[in-house]
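Chemist: Provide a 3D model corresponding to the input given below.
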Amino acid sequence: MKFKSTLVAAMTLAFAATAAHAQINVGVTLSATGPAASLGIPERNTVDLMPKEIGGQKINYIVLDDASDTTSAVKNIRKLVSEDKVDVVLGSTTSPNSLAMIDVAAESKTPMISWAASSRIVEPVDEKRHWVFKTPQNDAQMSTAIIEHMTNNNIKNVAFIGFADAYGEGWYEQFKGVAEARGIKIVANERFNRTDTSVTGQVLKMMAARPDAMFSAGSGTPAALPQKALKERGWTGKVYQTHGVANNDFLRVCGADCEGTFLPAGPVLVAAQLPDGNPVKASALTYIDAYEAAHGKGSVSTFGAHAWDSGVLLNAAVPVALKSAKPGTPEFRAALREALENVKETPGAHGVFNMSPTDHLGFDQRSRVMVQISNGAWKLVE
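Modeler: This is a model prediction of the structure:
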């Protein structure tokens with residue numbers, strides 16, 4: 001009996017030790033190749049900088065490339081939840097990919113933190129989006145920032161061109177609603193594909209409408225195409241872009257043709273220019289210092305910061321979830337989802353997170369600034 005009791009005790013201790021050091025598997029799908037590669041590469045680089053241990057548990061990242069393709073993104077998340085048995089999924093890079101992944105996250109009851117902008121990824125928080133969160137600012141929030149700048153500059157009408165996918169449609173829907181409420185008329189509404197090489201026809205229609213300003217809703221380097229075409233056709237008025245172009249690759253590809261462009265952005269883009277009292281400055285600089293230490297000065301990207309902020313959320317939520325369940329179980333995934341939904345006053349690189357059952361982004365006005373491209377660099381607009 002004594003031997004049996006000793007054996008049981010030893011087994012109990014062994015199980016407790018194993019549970020204490022259980023591994024948390026984090027699945028990642030991102031667009032490291034394809035049209036969105038300029039967004040996905042800094043995200044991939046940032047994963048290497050994210051927490052390797054939280055709450056005493058090792059964090060194992062399983063990273064897959066979806067090549068900017070929606071079908072591949074869905075295939076990746078299915079593999080991650082069914083074969084790799086991940087506890088949470090991060091990504092994908094683009095709105096179309098992230099929107100396509102929602103069904104799988106809901107079906108498998110796996111928390112998902114998207115790195116894409118469309119508000120439709122998390123709104124409304126219905127039965128499917130119950131499992132989905134995101135880190136980039138909503139297009140609705142950024143549309144408001146653009147419209148405020150337009151009204152302050154006496155712009156009465158604007159010509160719009162956006163991607164012919166969920167990103168462009170989402171932006172048009174949100175921008176149109178705010179513009180109409182503020183008395184700004186949209187006089188042209190055009191679309192282009194991420195892989196197009198010419199938008200001459202669309203640009204000619206936009207210029208024929210004689211707007212006060214142009215607004216291009218694209219992301220990454222493909223978003224340079226309409227603006228370069230506008231410059232070639234002699235447009236000298238104001239041009240606005242979305243926060244989807246806030247990286248150095250866009251500056252490189254667009255070059256002098258984008259000088260003077262206005263766009264809303266996360267604070268991390270101009271963190272060093274923020275006043276010391278800004279509540280996001282310190283957390284944004286933490287990410288910048290970490291990324292530039294690994295990849296060189298000036299290499300930081302707002303898109304990498306979206307990935308970083310998912311790590312910030314996990315760092316806040318995982319210790320809470322571990323109090324009620326162990327990794328690798330449905331109970332842990334459910335507990336992690338609940339913990340994410342209750343993250344409060346947590347500063348990231350792009351804003352301060354305050355999640356709730358009806359808000360799975362949790363950002364307020366502290367998550368946005370207006371910037372201008374000036375002398376090939378980002379300048380904070382006061």
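
Chemist: Tell me how many other residues crowd the residue lying closest to S299 once chain neighbours are set aside.
Modeler: Counting by CB to CB, 6 or more residues apart in numbering, S299 lies nearest to E292, which is 5.9 Å off, once chain neighbours are set aside. Heads up, the C-betas are built off the backbone N, CA and C, glycines and all. Counted with other CB atoms under 10 Å, the neighbours of E292 add up to 13.

Chemist: now do A256
Modeler: Close neighbours of A256, defined as other CB under 10 Å, add up to 11.

Chemist: same deal with N278?
Modeler: Neighbours of N278 under the rule other CB under 10 Å: 14.

Chemist: mind listing the strands for the stretch 101-250 of the chain?
Modeler: Using DSSP state E, counting those that start in this stretch, the strands of the stretch 101-250 of the chain run over 112-114, 132-134, 157-163, 185-192, 213-217, 238-241.

Chemist: And for the stretch 251-382 of the chain?
Modeler: Going by DSSP E, counting those that start in this stretch, the stretch 251-382 of the chain shows strands at 262-265, 346-347, 352-353, 369-374, 377-380.

Chemist: Other residues contacting the first one?
Modeler: What that stands for is strand 262-265. 137, 141-142, 145-146, 149, 238-243, 245-246, 302, 368-373, 378, 381 (CB atoms under 8 Å, 6 or more residues apart in numbering).

Chemist: before we move on, the earlier item: do you know which of the strands of the stretch 251-382 of the chain lies nearest K205?
Modeler: strand 262-265 (22.2 Å; CB to CB).

Chemist: How about the contacts made by A213?
Modeler: A213 makes contacts with 150, 155, 158-159, 237-240, as judged by CB under 8 Å, 6+ apart.

Chemist: Separate out the buried members of the residues you listed.
Modeler: 150, 155, 158-159, 238-240 (16 or more other CB atoms under 10 Å).

Chemist: remind me which residues of the stretch 201-350 of the chain are low pLDDT?
Modeler: For the stretch 201-350 of the chain, not a single residue meets the criterion pLDDT under 70.

Chemist: just to revisit the earlier point, which one among the contacts of A213 gets closest to V312?
Modeler: Among the contacts of A213, and counting by CB to CB, the member closest to V312 is Y240, at 29.0 Å.

Chemist: from memory the closest one sits against D212, does it?
Modeler: No. Assessed by CB atoms under 8 Å, Y240 is found out of contact with D212, at 11.1 Å.

Chemist: okay, and the common contacts of the two?
Modeler: Common neighbours of Y240 and D212 (CB under 8 Å, 6+ apart) are V158.

Chemist: For stretch 362-371, buried residues please.
Modeler: Buried, per 16+ other CB under 10 Å, within stretch 362-371: 362-363, 367-371.

Chemist: which one's the longest helix in this structure?
Modeler: In the chain, assigned by DSSP state H, the helix with the most residues is helix 302-322.

Chemist: on that earlier part again, may I see the contacts of A213 organised as a markdown table, with distance to Q227 added?
Modeler: As requested, the contacts of A213 are exported to a markdown table (distance: CB to CB, whole Å):
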| residue | distance to Q227 |
| --- | --- |
| M150 | 17 |
| I155 | 17 |
| V158 | 14 |
| A159 | 12 |
| G237 | 12 |
| K238 | 12 |
| V239 | 6 |
| Y240 | 10 |
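
Chemist: Just the closest of these to R182, please.
Modeler: Closest to R182 out of the contacts of A213 is M150 (7.8 Å), distances taken as CB to CB.

Chemist: which ones are touching that closest one?
Modeler: Contacts of M150 by CB under 8 Å, 6+ apart are 158, 182, 184, 213, 240.

Chemist: which two of these lie the greatest distance from each other?
Modeler: With CB to CB as the measure, no two of the contacts of M150 lie farther apart than R182 and Y240, at 14.1 Å.

Chemist: Would you mind finding the most buried of the strands of the stretch 101-250 of the chain?
Modeler: strand 112-114 (a mean of 29; mean count of other CB atoms under 10 Å).

Chemist: Pairing partners for that one, with directions?
Modeler: When pairing is defined by DSSP bridges, strand 112-114 lines up against strand 88-91 (parallel), strand 132-134 (parallel).

Chemist: hmm, who's touching that strand?
Modeler: Under CB under 8 Å, 6+ apart, the answer for strand 112-114 is 77, 88-92, 98, 101-102, 105, 121-122, 131-136, 310, 313-314, 340.

Chemist: what does stretch 292-308 rub up against?
Modeler: The contact list for stretch 292-308 (CB under 8 Å, 6+ apart) reads 30, 38-40, 42-43, 45-50, 90, 93, 115, 135-136, 243, 246-248, 265-266, 268-269, 284, 287-288, 290-291, 348-350.

Chemist: which one of the contacts of M150 is nearest Y167?
Modeler: For the contacts of M150, the closest approach to Y167 (CB to CB) belongs to Y240, at 15.4 Å.

Chemist: any idea how far that closest one lies from V280?
Modeler: Distance check for Y240 against V280: by CB to CB, to the nearest Å, it reads 23 Å.

Chemist: same deal with G244?
Modeler: Distance from G244 to V280, counting by CB to CB: 20 Å.

Chemist: Can you give the domain ranges for the chain?
Modeler: Taking automatic domain parsing as the reference, the chain has its domains at 2-137+287-365, 139-265.

Chemist: Adding distance to P275 as columns, could you present these in TSV?
Modeler: What follows is the domains of the chain, written out as TSV (distance: least, CB to CB, whole Å):
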stretch	distance to P275
domain 2-137+287-365	15
domain 139-265	16
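
Chemist: Spatially nearest residue to I147, not counting backbone neighbours?
Modeler: Using CB to CB, 6+ apart and skipping the chain neighbours, the partner closest in space to I147 is V178 (4.8 Å).
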